[in-house]
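Enquirer: Based on what follows, work out the 3D shape:
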Amino acid sequence: MKFNDTLTTLIKQSLEVGATPALMGEPGIGKSSFVESLAYSMGTLAFTLPCNQLADKADLTGARLVPYTKDDGTQNHKQVFYPHQVIQECIDYAEKNPREWPILFLDEINRTTSDVTSGALTLITLRRMGYVELPKNVRIIVAGNDKGAVTSLDEASLSRFTIFHVEPDAATLMSVLGDNLNPWVKTVLTTYPALIFQKSTPVAIVADGQDDDGDDNVTMADLFDGGEEMNQLTTPRTIDNVSKWLNVTDPQQLAQYLATPVQIGDRETSQLNEAIEAYVGDTMFTTQLVATIAQDLASNAGSVQQNRVNVPKPNCYQSLKTATTVTDMAAIIGTLTNNEKSGSLLYALKESEDNKRLIEQLTPAITQIEGDHTRTLIEMAASQQIDRQNLEVFMEIDAPIVNQAAFLSAFL
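Expert: Next up, the predicted model:
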């Protein structure tokens, strides 16, 4: 279920009947922000306690052994409870505002130790910790993760909640961030709302959300892999962060990043890609965001206009152009070095002639655009020195090198 007005209504109704809503979903998708916004719409406050920051059950319940003197004068110990500061703040607020329904939000309830999870469940069931009771007007909402390294909840535990499996909603995020949302980010979210949450970009997923078989029913589960690498995600939280960064970064600096090639593993890409991936990962959202920025920088009055880019013409280029048949051209390409093939492709893209046949033969034969050529290609794109017709031919070819240069789609 998406974070939208329907979910807000359902959660409010759940609270009205005294149930405990549980928002289950991936981390970073906006559960905390949703609860804070919900509390505001109800005219009250939300008190958030991240359970995953608690070391053990005692941090939640405040259970302590303290010394005391018995009537006969002997010393002994007894257990007393000092509720967590967040819980105590919620109790104090509820007592001072008896006509409100303040929300105690237990976040990451199952991404912690089983001991802490057990303590949280006890609080929900008994609505008390030792001698300290929750005021009747306090409402409880919990949130957890339904995948990954989490403490599993048995059926008895699950029956204590109304469980809503949640996922982010682009329209809601844009509404929440409002004027603070970067225009480039807003363009991507508006055009491709499904890109709001991604863990990786499978080869089969393309920009329009369809796979190679034409099936447009790509689910969120399709985007998960089984690896344990520490790769960044695209989530509402990370999108907000990259939006803030873009808002404070000078466009000229972004243009320089775009024109600077870098090597990330086996990938040749731009420094702008690398910077944005630090915020939102190597996902299709990043691909579309970089393309949007590149297109806008190129179209804005001289913002990234440079002198004419020097695109060397390889010595072999003329023989490729004069080949009378596809077979002859393929034979020539077979004798070329990767540097010659890479350079010939750049010149074919730049030349204002119909190079369809040459580009179709060269592109599949190239495993990687050379480093210097990558820089030149980015400069050509940023300064609009690529022939549009030739670029269209190149982008329609099914070859790995086209995927490496996906940012060029912004100039079509």
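Enquirer: In the strand or helix carrying V188, which residues are buried?
Expert: For V188, the host element (DSSP states H and E) is helix 183-191. Using 16 or more other CB atoms under 10 Å as the test for burial, helix 183-191 gives 184-189. Heads up, the C-betas are built off the backbone N, CA and C, glycines and all.
Enquirer: Ok, stretch 126-146 next?
Expert: Under 16+ other CB under 10 Å, the buried positions of stretch 126-146 are 129, 134-135, 138-145.
Enquirer: need those in JSON lines with secondary structure and pLDDT, can you?
Expert: Listed next are these as JSON lines, based on DSSP: H, G, I helix; E, B strand; the rest coil; pLDDT from 0 to 100:
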{"residue": "M129", "secondary structure": "strand", "pLDDT": "76"}
{"residue": "L134", "secondary structure": "coil", "pLDDT": "90"}
{"residue": "P135", "secondary structure": "coil", "pLDDT": "93"}
{"residue": "V138", "secondary structure": "coil", "pLDDT": "94"}
{"residue": "R139", "secondary structure": "strand", "pLDDT": "95"}
{"residue": "I140", "secondary structure": "strand", "pLDDT": "94"}
{"residue": "I141", "secondary structure": "strand", "pLDDT": "94"}
{"residue": "V142", "secondary structure": "strand", "pLDDT": "91"}
{"residue": "A143", "secondary structure": "strand", "pLDDT": "90"}
{"residue": "G144", "secondary structure": "strand", "pLDDT": "84"}
{"residue": "N145", "secondary structure": "coil", "pLDDT": "79"}
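Enquirer: Grab the two from those residues that are most spread out in space.
Expert: Largest separation among the buried residues of stretch 126-146 by CB to CB: P135 and N145, giving 29.1 Å.
Enquirer: R267 contacts Q404, correct?
Expert: Yes. Look at R267 against Q404 with CB atoms under 8 Å: they come within range, at 6.5 Å.
Enquirer: higher neighbour count, the two?
Expert: Using other CB atoms under 10 Å, the more surrounded residue of R267 and Q404 is Q404, with 18 against 13.
Enquirer: Could you find the closest non-adjacent residue to the more buried one?
Expert: E268 (5.9 Å; CB to CB, 6 or more residues apart in numbering).
Enquirer: pretty sure that neighbour belongs to a strand, no?
Expert: Yes. Read with DSSP: H, G, I helix; E, B strand; the rest coil, E268 is one of the residues of a strand.
Enquirer: ok, it - how many residues close by?
Expert: As a burial measure, E268 scores 22 neighbours (other CB under 10 Å).
Enquirer: Quick one: name whatever helix or strand follows the helix or strand of the chain with the lowest mean pLDDT.
Expert: The helix or strand of the chain with the poorest confidence is helix 155-158; it has a mean of 65 (mean pLDDT, DSSP states H and E). Sequence-wise, the next helix or strand beyond helix 155-158 is strand 161-165, with elements assigned using DSSP H and E.
Enquirer: could you give me the average pLDDT of whichever helix or strand comes after that next one?
Expert: Later in the chain than strand 161-165, the nearest helix or strand by DSSP H and E is helix 170-177. Averaged over helix 170-177, pLDDT sits at 84.
Enquirer: picking that back up, chain center to the helix holding V188: distance?
Expert: Relative to its chain's centre, helix 183-191 lies at 14 Å (CA atoms, centre = their mean, to the nearest Å).
Enquirer: Name the surrounding residues that touch that helix.
Expert: Helix 183-191 is contacted from outside by 170, 173-174, 181, 195-196, 239, 242-243, 246, 285, 288-289, 292-293, 296, using CB atoms under 8 Å, 6 or more residues apart in numbering.
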